[in-house]
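Colleague: no FASTA, just this:
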C-alpha cells in the first residue's frame, strides 16, 4: 500500500462521501424530509462516517486512528439500521434501500479491511514533530 498523504485519498472516505450524498438526496424527498428525527439522525450517521475517518487520519497514532475507524464503521451500521426504518415507513423504495444499503456495507467493509491493515502493520507514531520552540511567556 502506498503512503496516503491526505484523508481524501482513503477509499473508505470516498465511499462514505458517496453514501452521504446519497443519504442527503433520499432524505430531501417528500415525506422523508418531514420526518425530522429520522432525517437528521441518518444524515448525522452518514456524516459521522466521513468525519471519523478524517479525524482519525489526522490523529497522532495508528492506535487512535483505529479507534476512529471503529466509530466510523459503527456509524455505517447505524445508517443501515435507519434505512430499514425509512423503508418500513415507505419513505424510500426497495431499489433505493438496496442501493444505499449496499453503499453503507461497502463503507463498513472498506473500513474493516483498513483496520486489519493498520493492525497488521503497526507504527507507534504517524506524525513526528520536529523540535519545537515553545514560549510560555505572557
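Modeller: Thanks, I have the structure now. All values reported here derive from a predicted model rather than from experimental measurement.

Colleague: Between the two ends of stretch 89-96, how far is it?
Modeller: 13 Å (C-alpha to C-alpha, to the nearest Å).

Colleague: what does it contact?
Modeller: By C-beta atoms under 8 Å, 6 or more residues apart in numbering, the surrounding residues in contact with stretch 89-96 are 26, 29-32, 35, 38, 83, 86-87, 100. C-beta here means a position set from N, CA and C on the backbone, and glycine is covered the same way.

Colleague: Just put the residues you listed in CSV and tack on distance to residue 65.
Modeller: Converted to CSV, those look like this (distance: C-beta to C-beta, whole Å):
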residue, distance to residue 65
26, 30
29, 35
30, 39
31, 39
32, 34
35, 35
38, 31
83, 27
86, 31
87, 33
100, 26
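
Colleague: Report the central residue of the chain.
Modeller: Nearest residue to the geometric centre of the chain (C-alpha atoms, centre = their mean): residue 49, 1.5 Å.

Colleague: which element follows the helix or strand containing that residue toward the C-terminus?
Modeller: Assigned by DSSP states H and E, residue 49 falls within helix 36-57. Downstream of helix 36-57, the next assigned helix or strand under DSSP H and E is helix 62-88.

Colleague: Helix 36-57 and the following helix or strand past that next one, what's the angle between them?
Modeller: The element immediately downstream of helix 62-88 (helix or strand, assigned by DSSP H and E) is helix 94-120. Here the directions of helix 94-120 and helix 36-57 differ by 30 degrees (axes from the mean of the first three to the mean of the last three C-alpha atoms, to 10 degrees).

Colleague: gap between helix 94-120 and the chain center?
Modeller: How far helix 94-120 lies from its chain's middle: 10 Å, per C-alpha atoms, centre = their mean, to the nearest Å.

Colleague: Residue 12 reaches residue 115, doesn't it?
Modeller: No - with contact defined as C-beta atoms under 8 Å, residue 12 does not reach residue 115; the gap is 9.7 Å.
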